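>>> build me a model from this:
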Amino acid sequence: MLEMVGEGPLDVRLKKFVEEKKQLLEEIRLLKIDLENERDKVAVAERRRTAQAPLSNGPDINAYDIQREATKQVNDIKYKLQKAEQELTNLESTNSRLEGQVKRYKQSQELAEQTEEELKSDKRKLNRENRTLRDQVEELETEKGHLKKRLEKLRQVRITTAVAEV
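Have a look, this model is predicted:
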């Protein structure tokens with residue numbers, strides 16, 4: 001059914017279904033009006049026939065033809081009406097199914113957005129921790145360098161005092 005409305009986002013497809021539904025409802029309304037008009041025509045023709053025709057012993061063949069034609073038109077209109085109502089029911093069920101799909105997709109989207117926000121927050125937190133740890137490593141390396149220099153100076157002082165004592 002979705003292939004009938006073409007490509008595009010689900011919202012656009014739903015709008016097409018709604019438009020088609022409105023068109024079919026309008027067509028049903030027009031068919032009902034046509035049916036009423038045909039019934040009125042048949043009734044008017046029947047009244048004229050009975051008013052104009054003298055009473056006769058046999059059936060009026062012209063009246064049978066008119067009646068048969070009117071019955072055929074009424075049946076055709078009833079068939080079109082039934083088809084249009086069936087199509088409308090079909091579209092309504094498709095519409096409700098697609099609305100359910102839209103609802104599920106929106107829930108999935110909201111969940112994905114929430115998860116995305118949580119992941120972004122975790123990433124920021126981890127980046128902060130990473131910066132802090134790098135700063136600590138840098139401070140420790142600087143302190144290590146200072147301690148090495150102090151150790152070297154102490155060794156130099158020991159060597160010079162040991163040489164001076166000998």
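>>> from the chain's centroid, how far away is stretch 125-140?
The chain centroid and the centroid of stretch 125-140 are separated by 46 Å under CA atoms, centre = their mean, to the nearest Å.
>>> can you show me the helices along this protein?
Here the chain has its helices, by DSSP state H, at 10-52, 61-165.
>>> make JSON lines out of these and add mean pLDDT and mean neighbour count.
Heads up, the C-betas are built off the backbone N, CA and C, glycines and all. As requested, these are exported to JSON lines (pLDDT from 0 to 100; neighbours: other CB atoms under 10 Å):
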{"stretch": "helix 10-52", "mean pLDDT": "83", "mean neighbour count": "14"}
{"stretch": "helix 61-165", "mean pLDDT": "92", "mean neighbour count": "11"}
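>>> look up how far K106 lies from K120.
Distance from K120 to K106, counting by CB to CB, to the nearest Å: 21 Å.
>>> same deal with V42?
Remark: distance between V42 and K106 (CB to CB) = 53 Å.
>>> same check on K149?
65 Å.
>>> do the same with I159
Distance of I159 to K106, computed by CB to CB: 78 Å.
>>> now do N62
65 Å.
>>> what of K22?
24 Å.
>>> now swap in L31 and tell me
From L31 across to K106, the span is 37 Å (CB to CB).
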